[in-house]
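Student: here's a sequence, model it:
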Amino acid sequence: MHFRNLAGLLELERLDMSDNNLSYLSELSLPPFPKLLEADFRNNPIENIYKSTFEVMNRTETLFLGGDQKLRIEVGGLSGLDSLRTLTISNAKLRVLDLSTLKGARRLRKLKIQGQVEEIAYDAFSAASKLEQLILRHCQTKRISMDAFYGLFGLSILDLSNNQLTSLPNGIFDQLTSLKELQLQNNLFTTLPEDIFLKLSAKMIRLDGNPWHCSCAMREWRPMSVNKVKVPVDRTLQSADPKGGVGMTVQTYQYRFEKRAAPKCKTPLQYEGWSVFHALRKELKCTLSEAKIESINRRRLEAKKILDLKRNQVEAQVAEQRAPVPEAVDKNETVTVPQAIATTEPITKVPLKEMSNKISNELPEDIALPKNEHSNELVPIALGVGTPRQVEHNGKVITLSKKAYKLDLERKRQEKYKRLQQAELSQNTP
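Tutor: Prediction:
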């Protein structure tokens, strides 16, 4: 098929080329389709899709590919599909699905592949990080990288059923925080990592159809999710207008408990055919492993140490705040008293209540203070009610509040007492 056969269809919105005899698609197969929204190439013997085939379909939102022949997609085969939201590929032939496969489909929301995809590589879907539904059933898949689904935070449906998977790496689903459905039925699993579903809040996890080896490693499985199936439900939307007539019927889905969805034991032989949860509850009677108990106890001990440390810090702070100020000075004890500051601004530091009361009782009507730090000459100052306290210090007159004045007086007394002690010690020293 040559592009000239379809040239001039500039208003075309839907192109249906299904059930024809197309053997390949290339950049010469299609003319520009500026308004094309949907293209269907199913059931054609297409074997190859070459690079830049869909460059002229940058408004297409839905694309169907595949038929009876194995379909190969070259690197860059999906480039140009900037608006693509739904991609369905039947009978694909991909040895490895990797980053280059979906390059160019950055707005893809739903991807459905059936055929042969032996391996899903690291970072395979990073070019389509907005995926919401990923359906890869009947793909003969054998291996999946631990980081294959990295970055798919909006993925709600993941279907890996009917493949040949025997194991999954631990942590493979940790980033799928929006996942509602996980289908792993009809694979070859016998065991899975114990905590593989721990971070999932999925409403349905299908695990039936696998030859499970029943053990206590399955005790983290949740029956509320594992024993459910998805059932279509028809609902009628009635018009708000009473004259609107018959409402529109839409199909929705519900998750229901179903006995057939329960995973069954294959081994050990004495539990063959048993429901996994029946074996766990009635026969295995699983308890926490010694390693897990030790881990829990270790975490509890660490938490207790942290709590005790915080409690000790709080008690030390409270004790420090409640520590009393010594009322008398012992001969062998040194007390640090705040020093007066030479400034013309009023001193606002408030002394302790006990100290203030003690000084108030000892103050006479007329007192004297040193003229300066290095002089023993005293300057009498009269204390009147409401009169500011003024002290001459280093040639400057400092105005003190009553409490600050009392504190300064106490400091002078302490200094005088220390000088007397030193003089007494020097006299007694031979």
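Student: break this protein into its domains for me.
Tutor: As assigned by automatic domain parsing, the chain contains the domains 3-237+248-286, 353-428.
Student: including distance to I306 and mean neighbour count, could those domains go into JSON lines?
Tutor: Backbone N, C-alpha and C define where each C-beta goes, glycine included. Shown next, in JSON lines, are those (distance: least, Cβ to Cβ, whole Å; neighbours: other Cβ atoms under 10 Å):
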{"stretch": "domain 3-237+248-286", "distance to I306": "24", "mean neighbour count": "17"}
{"stretch": "domain 353-428", "distance to I306": "38", "mean neighbour count": "13"}
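Student: L280: what secondary structure?
Tutor: Recorded secondary structure, L280: helix (DSSP: H, G, I helix; E, B strand; the rest coil).
Student: my guess is it contacts W274, does it?
Tutor: No. With contacts counted by Cβ atoms under 8 Å, L280 stays clear of W274, the gap being 9.6 Å.
Student: who touches both of those two?
Tutor: Residues touching both L280 and W274 (Cβ atoms under 8 Å, 6 or more residues apart in numbering): C214.
Student: tell me the SS of I172?
Tutor: Three-state assignment for I172 (three-state DSSP): coil.
Student: can you tell me how far it sits from L179?
Tutor: 11 Å (Cβ to Cβ, to the nearest Å).
Student: picking up where we left off before, quick one, which of the domains of the chain gets closest to R311.
Tutor: Closest to R311 of the domains of the chain, according to Cβ to Cβ: domain 353-428, at 30.4 Å.
Student: quick check: mean pLDDT of the closest one?
Tutor: The predicted model assigns domain 353-428 a mean pLDDT of 61.
Student: before we move on, what about stretch 255-268?
Tutor: 93.
Student: give me the beta-bridge partners of V231?
Tutor: Q254 (DSSP bridges).
Student: you'd agree it is up against Q254?
Tutor: Yes. When contacts are counted by Cβ under 8 Å, V231 is listed as touching Q254 (5.3 Å).
Student: all strands of the stretch 51-200 of the chain, in order?
Tutor: Remark: strands assigned in the stretch 51-200 of the chain by DSSP state E, counting those that start in this stretch are 62-73, 86-97, 110-120, 133-135, 143-144, 157-159, 181-183.
Student: what does the last one contact?
Tutor: With Cβ under 8 Å, 6+ apart as the contact definition, strand 181-183 has outside contacts at 137, 156-161, 173, 200, 202-206, 230.
Student: strands paired with the very next helix or strand once past that strand, and their directions?
Tutor: Next helix or strand after strand 181-183 toward the C-terminus (DSSP states H and E): strand 204-206. The strands beside strand 204-206 in its sheet (DSSP bridges) come out as strand 181-183 (parallel).
Student: show me where pLDDT drops low in this structure?
Tutor: Filtered on pLDDT under 70, the chain yields the residue ranges 1-4, 237-247, 287-300, 303, 307, 310, 314, 318, 320-402, 428-430.
Student: and the helices in it, which stretches?
Tutor: Per DSSP state H, the chain carries helices over the ranges 223-226, 276-278, 290-322, 353-362, 402-428.
Student: and the strands of the stretch 51-200 of the chain as CSV, adding distance to L309?
Tutor: Below are the strands of the stretch 51-200 of the chain laid out as CSV (distance: least, Cβ to Cβ, whole Å):
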stretch, distance to L309
strand 62-73, 60
strand 86-97, 51
strand 110-120, 47
strand 133-135, 48
strand 143-144, 45
strand 157-159, 44
strand 181-183, 42
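Student: out of the ones you listed, nearest to N312?
Tutor: strand 181-183 (47.5 Å).
Student: and the closest one, how far from the chain's centre?
Tutor: Computed by Cα atoms, centre = their mean, to the nearest Å, the chain-centroid distance of strand 181-183 equals 22 Å.
Student: ramachandran angles for M146?
Tutor: Per-residue torsions, M146: phi -60, psi -30 (degrees, to the nearest 10).
Student: now do the contacts for the closest residue to E283 other than its chain neighbours.
Tutor: Nearest non-adjacent residue to E283, counting by Cβ to Cβ, 6 or more residues apart in numbering: Y271, 6.7 Å away. By Cβ under 8 Å, 6+ apart, the residues touching Y271 are 214, 265, 279, 283.
Student: and the furthest pair within those residues?
Tutor: C265 and E283 (9.7 Å).
Student: where do the contact lists of these two overlap?
Tutor: 271, 274.
Student: in CSV: the domains of the chain, plus distance to Q313.
Tutor: Formatted as CSV, these follow (distance: least, Cβ to Cβ, whole Å):
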stretch, distance to Q313
domain 3-237+248-286, 35
domain 353-428, 28
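Student: those: which one's closest to Q317?
Tutor: Among these, domain 353-428 sits nearest to Q317 (Cβ to Cβ), with 21.6 Å.
Student: still on that earlier bit, among the strands of the stretch 51-200 of the chain, which is nearest K406?
Tutor: Smallest distance to K406 across the strands of the stretch 51-200 of the chain (Cβ to Cβ): 78.1 Å, for strand 181-183.
Student: quick check: M204 touching V229?
Tutor: Yes. M204 lies in contact with V229 (Cβ under 8 Å); the separation is 7.2 Å.
Student: joint contacts of the two?
Tutor: Common neighbours of M204 and V229 (Cβ under 8 Å, 6+ apart) are Y255.
Student: against E415, how distant is the nearest residue to S145 once chain neighbours are set aside?
Tutor: Spatial nearest neighbour of S145, chain neighbours left out: Y122 (4.3 Å); criterion: Cβ to Cβ, 6+ apart. Y122 is 78 Å from E415, where distance means Cβ to Cβ.
Student: just E118 next, same as before
Tutor: Counting by Cβ to Cβ, the gap from E118 to E415 is 92 Å.
Student: what of A423?
Tutor: 13 Å.
Student: please apply the same query to Q116.
Tutor: Q116 is 97 Å from E415, where distance means Cβ to Cβ.
Student: just G273 next, same as before
Tutor: From G273 to E415 the distance is 97 Å (Cβ to Cβ).
Student: ok, now L425?
Tutor: From L425 to E415 the distance is 16 Å (Cβ to Cβ).
Student: D159 bridge partners, please.
Tutor: I135, Q183.
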